[in-house]
Every structure is written in structure tokens, then in C-alpha cells.
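Peer 1: here's a sequence, model it:
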Amino acid sequence: MPASDARVQVLDSEVVARVFDGEAIIINVANGKYYSLDRAGTLIWSLLTGGGYTLKAAVTFVASRYAIDDAAVAVDIDNLATRLIDEGLVTIASDRAAPAAPVDVASLGGETWAPPTLMVYSDMTDVLALDPPLPEILEEDS
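Peer 2: Purely as a prediction, here's the structure:
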């Protein structure tokens, strides 16, 4: 489990990710697996990877937004961060003092809180291993 003051960063050389209609789609080009995050997971993904939030800052933001207990949210965010690390999608950032960047999360997360869900798909690992999406192409489409 990462420390509460930890920041995570996407493994850019192996991972391509985009948020579409409130859902994060993540592809690990190294192993060919692709992933999707539900609304709560997408909110957390955006805070941690796009906004540079520490785990603790993300807990505070989510707990405040949904008027729920910090402790329950902390468990959910820690579990998701650990799973993202275990799947090889993010790593602990070396710069713990990086400032949070503004990130637009107004449309993310849904109206009520539910623990985040990371779905893992491996049915296209052979195709993605042979012809992985390139980050430059996805950047142009956005």
C-alpha cells in the first residue's frame, strides 16, 4: 500500500490512457491488457495522474465532494492505487513535492459515491501486442 503522501505517475513508456464520457480507458502496451474504470475510478485516476494529487489530497477531495467519511474513502483509494501499481499502469512518483495541477473533474465521479472498480480485459492481448496504439496517434484524436 502506498504512503498517503505519495503521488503516482503513469508509466508513459508502457501505458496509454484517455477519459471518454466519464470512463477511463487504459491500455498497457507492454502486456496487451486493457482496462476501464467506472465513474468513481475515473475521478480518482484523473486526480492522481492528471492533477498530481497525493493519495491523501485525493481522499480529502473525494470525502468533501461526497460528504462521506475520510477513512472509508482512504481504503477505496488505497486499494485502487495499489491495484494500478500491481497492474503496471502507474508507479510511485519520485517527486513527492510536485504541485497539483488544475484538473477538470466536474463531470466525473457521478452523483453518489461507490467504491471504484477497475475492469481488466485480456481478450485482445495478442492483437495489442502485435499492433499497439501509439500515444502520438491518440493525442491527435483528442
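
Peer 1: what about T54, distance to T60?
Peer 2: Look at T54 and T60: by C-beta to C-beta, to the nearest Å, they are 9 Å apart. All C-beta spots, glycine's among them, are computed from the backbone N, C-alpha and C.

Peer 1: for N28, which residues are in contact?
Peer 2: Each residue near N28 by C-beta atoms under 8 Å, 6 or more residues apart in numbering is listed here: 14-15, 34-35, 87-89.

Peer 1: show me the strands in this protein, by range?
Peer 2: 8-10, 15-20, 23-28, 34-37, 90-92, 118-121 (DSSP state E).

Peer 1: separation between G88 and P115?
Peer 2: Counting by C-beta to C-beta, the gap from G88 to P115 is 22 Å.

Peer 1: got phi/psi on the residue nearest to I92 when sequence neighbours are not counted?
Peer 2: Computed as C-beta to C-beta, 6 or more residues apart in numbering, the closest residue to I92 that is not its neighbour in sequence is A6, at 5.2 Å. For A6, the backbone dihedrals (degrees, to the nearest 10) come out as phi -80, psi 150.

Peer 1: A6 against T54, yeah?
Peer 2: Yes. A6 is within contact range of T54, at 6.3 Å (criterion: C-beta atoms under 8 Å).
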